[in-house]
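Undergrad: Return atomic coordinates for the entry below.
(chains A, B, C and D)
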2 protein chains.
Amino acid sequence: MITKKESSTNSLNSKVIIECPVSYTIEMIGGRWKTIILYQLRYEPLRFGQLKKMLPLITEKMLAQQLKQLEIDRLVVRDAKEIIPPHVEYYLSESGKTLLPILTSMAEWGQIHNPFTKDCKV
Amino acid sequence: MITKKESSTNSLNSKVIIECPVSYTIEMIGGRWKTIILYQLRYEPLRFGQLKKMLPLITEKMLAQQLKQLEIDRLVVRDAKEIIPPHVEYYLSESGKTLLPILTSMAEWGQIHNPFTKDCKV
DNA sequence: CAGGATCCCTAATGATACTG
DNA sequence: CAGTATCATTAGGGATCCTG
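TA: Next up is the predicted model:
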């Protein structure tokens, strides 16, 4: 079993913080990219290249890195067909789907409170 | 008016990211401490020292810094009585209170999914 | 196509000491 | 009590180049 302690890069106190439910959740979906990646996956599986197009500002490194962490945390499933050229799909796990109400609420809250939100639906 | 661009330390792309509702919300409550601070304030106003006791691992610098950012973002109100010794209370603004459903959902999700959660109710 | 490997910089966080 | 100031550390993120 991979514990958060091993898969995380955080220091000492993360172990204690992480025992608190709210903090645990924010560790799982926090950071600049994870929520938006999860949210993009809300409807259907997406390929690496599709996600990259939907998130034009993300670097390939960050996308790969965040997807890997989401996979380790069992929120996202990586489905790779062993063909040439590679075809890899990502989709929400059952656990990941249970985050959707939270992500939706966050999207609604942002839609209301963000003065900069215009037509961005993400 | 203080825009997020000015109050944030993020670089170029934050401007675009921030226009997305989900990302905007995560910018407001993300990081290691903000959710837990907001969540501690869910019932009643708390003083600086009380928060410090409830979050034994936070440094005074981080607590002051995060509270200041939450105040700038209008999620928390700082109420300081001008007396000696100082008496300062923090409480959720109306806008901050609208985050409570999200924070509660996050706490519930963490309670269910965190294998390390024991009796920590935060 | 879907990444991996490297290098590098800065923002974020921490430790410690000090103060109105 | 409720913070600041200063210094040191680290982790997040980006640029670029490379590959099965």
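
Undergrad: When you work out contacts or count neighbours from here on, use the C-alpha atoms and nothing else.
TA: Noted.

Undergrad: Quick check: residue A:47 vs DNA strand C, distance?
TA: Using Cα to the nearest atom of the strand, to the nearest Å, residue A:47 is found at 5 Å from DNA strand C.

Undergrad: just residue A:52 next, same as before
TA: 8 Å.

Undergrad: and that residue, how many neighbours does it have?
TA: 17 (other Cα atoms under 10 Å in any protein chain shown).

Undergrad: Provide the secondary structure category for it.
TA: Look at residue A:52: counting by DSSP: H, G, I helix; E, B strand; the rest coil, its state is helix.

Undergrad: And for residue A:89?
TA: Using three-state DSSP, the structure places residue A:89 in strand.

Undergrad: pLDDT at it, what is it?
TA: You'll see residue A:89 listed with a pLDDT of 97.

Undergrad: And for residue A:116?
TA: Confidence score, pLDDT, at residue A:116: 73.

Undergrad: Can you tell me the closest non-neighbouring residue to it?
TA: Closest residue to residue A:116 apart from its sequence neighbours, by Cα to Cα, 6 or more residues apart in numbering or on different chains: residue B:19 at 5.3 Å.

Undergrad: Surely the one you found is in a strand?
TA: No. Counting by three-state DSSP, residue B:19 falls outside a strand, being coil.

Undergrad: what about it, distance to residue B:25?
TA: Look at residue B:19 and residue B:25: by Cα to Cα, to the nearest Å, they are 10 Å apart.

Undergrad: do the same with residue A:38
TA: Spatial separation of residue A:38 from residue B:25 under the definition Cα to Cα is 14 Å.

Undergrad: I appreciate the help and will end here.
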